[in-house]
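Chemist: Take this sequence and fold it.
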Amino acid sequence: MVPYVGETPLSRAQRVGVTEIPKISKEAKLRALARSPTGDRCLIENFPFTRGGNVCHVFPRRMSTDDTTMSAIEYHTGMKVWTMNVDSSANIFHASATMHKLFDDGHIAFLPMSPNVIGEFLGSDEFPTRGNFPSYPDSPDGKAPEFQYALIPLNVNMEPIVIFREDLAKQGKEQHSIYRYPFTDFPIITSNIQPHFVLLSLGRQLSKLGEDKVEALGSFTRGGVDYTYAKVRDFWMHSARIPDEWEDDMTFHVPGDPIQAPYFSDEESDEPDDTTKDKSYYGGASSKTVPLRIQRQRRVKHEAKSRSSVREEPRTPSKSSSKKSKGGMLGQKPRNKEKSNPRREIRPLPRGRNSVGTAAAGNSGGSDAVAGGSSTTM
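Modeler: This next block holds a predicted model:
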């Protein structure tokens, strides 16, 4: 199982189909800062964070709302459903605003530079999956493992772009180096971000380029590492597809998921669980509370059930308000002043005048009565 550190963030505990997710927590930022070998410096330009920097996610944080894809990745990486920690320090690096934008837009990417790591992920015809997925735990003293990565461009539009990088080992003018497309001489980057996040991110970007562009990229050969970009793309396609046997694998499920039990049973309270104050999490889940993902799923189910019960509540609007209520707001009951003010009498107008005070038509049977008030639509 891929190790993660710290509490399960809210980013995986999202409502399915919701695109807006909470901001990254302060605790997650501090955790990433403490475990980064370069501190708060931009991983690419090596400038300090005080010059303006961002917290960046290798694998996009917005993907946490894609329930199908996230569940598939959780399955292949050996995790339980709803426990992937996208705010893990293993998925976060620091970068300047410019580098952050270039990375998120798929113009640049990282590539693992360790032959052993590449061999474990891409070295055979079959990709790693549940049961044999590579794991890189912390050292006995709690230090995060470090990996080497190369910076590569994925878009020819990067040709006019130059990257300035600060070299702390040098002094004066030589302390700042300039690197140009295709950045083959760019220094190897050392970081604690985990290789599976890097390969998932790169494979996802490659899958959006199309077959022709991926084939045109060919292969990457540098420093004893040799593999094709198509292989990385296929690794993503494999990891984002959940196998048929997932429903029968009870090591993947957790108490409360739809396979084992409904979200709300008859014995459960209408109030959703809220035990998220317990922060003793490891591996993306807690030993004392149910995973946050389940709580959010239950809350969504509860809220949806409440909304549907309100919509289905029968209404019997009065005749005077039935016509105008059609233009009202969804779920809004038409106002009926007859019911709201039962003491008010309903009196007919004097003969000879209609509802607008003009001469009557001469009907001896009397004119129409006007109710105490018409309904008001908002």
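Chemist: alpha carbons only for contacts and neighbour counts from here, please
Modeler: Fine.
Chemist: pLDDT at Gly106, what is it?
Modeler: Looking at Gly106, its pLDDT is 96.
Chemist: What is the burial count for it?
Modeler: By the criterion of other C-alpha atoms under 10 Å, Gly106 has 18 neighbours.
Chemist: OK, contacts around it?
Modeler: By C-alpha atoms under 8 Å, 6 or more residues apart in numbering, the contact set of Gly106 is 154-155, 205.
Chemist: Now with 7 Å, please.
Modeler: Applying C-alpha atoms under 7 Å, 6 or more residues apart in numbering to Gly106 gives the contacts 154, 205.
Chemist: Same check on Thr228?
Modeler: For Thr228, the contact set (C-alpha under 7 Å, 6+ apart) comprises 218-220.
Chemist: any idea how far it lies from His196?
Modeler: Distance, Thr228 to His196, using C-alpha to C-alpha, to the nearest Å: 16 Å.
Chemist: now do Phe147
Modeler: Distance, Phe147 to His196, by C-alpha to C-alpha: 11 Å.
Chemist: next one: Gly123
Modeler: 14 Å.
Chemist: between the two, who's got more neighbours?
Modeler: Between Gly123 and His196, counting by other C-alpha under 10 Å, His196 is the more crowded of the two (23 against 15).
Chemist: Name the SS class of that one, please.
Modeler: helix (DSSP: H, G, I helix; E, B strand; the rest coil).
Chemist: could you measure it against Asn116, distance?
Modeler: From His196 to Asn116 the distance is 13 Å (C-alpha to C-alpha).
Chemist: same thing with Ser25?
Modeler: Counting by C-alpha to C-alpha, the gap from Ser25 to Asn116 is 34 Å.
Chemist: Poorly predicted segments of the stretch 201-350 of the chain, please.
Modeler: Applying pLDDT under 70 to the stretch 201-350 of the chain flags residues 256-350.
Chemist: Secondary structure of Gly119: a strand, I assume?
Modeler: No - the assignment for Gly119 by three-state DSSP gives helix, which leaves it out of any strand.
Chemist: Next, count neighbours for it.
Modeler: Number of residues near Gly119 (other C-alpha under 10 Å) recorded here: 13.
Chemist: same deal with Cys42?
Modeler: Cys42 - counted by other C-alpha under 10 Å - has 26 other residues nearby.
Chemist: Please apply the same query to the one 3 residues further on.
Modeler: When neighbours are defined as other C-alpha under 10 Å, Glu45 has 18 of them.
Chemist: can you check Met158 too?
Modeler: 16.
Chemist: Now the phi/psi pair for Phe133, please.
Modeler: phi -80, psi 130 (degrees, to the nearest 10).
Chemist: Tell me the pLDDT of it.
Modeler: Confidence score, pLDDT, at Phe133: 97.
Chemist: Next, work out how far apart it and Lys208 are.
Modeler: Distance from Phe133 to Lys208, by C-alpha to C-alpha: 25 Å.
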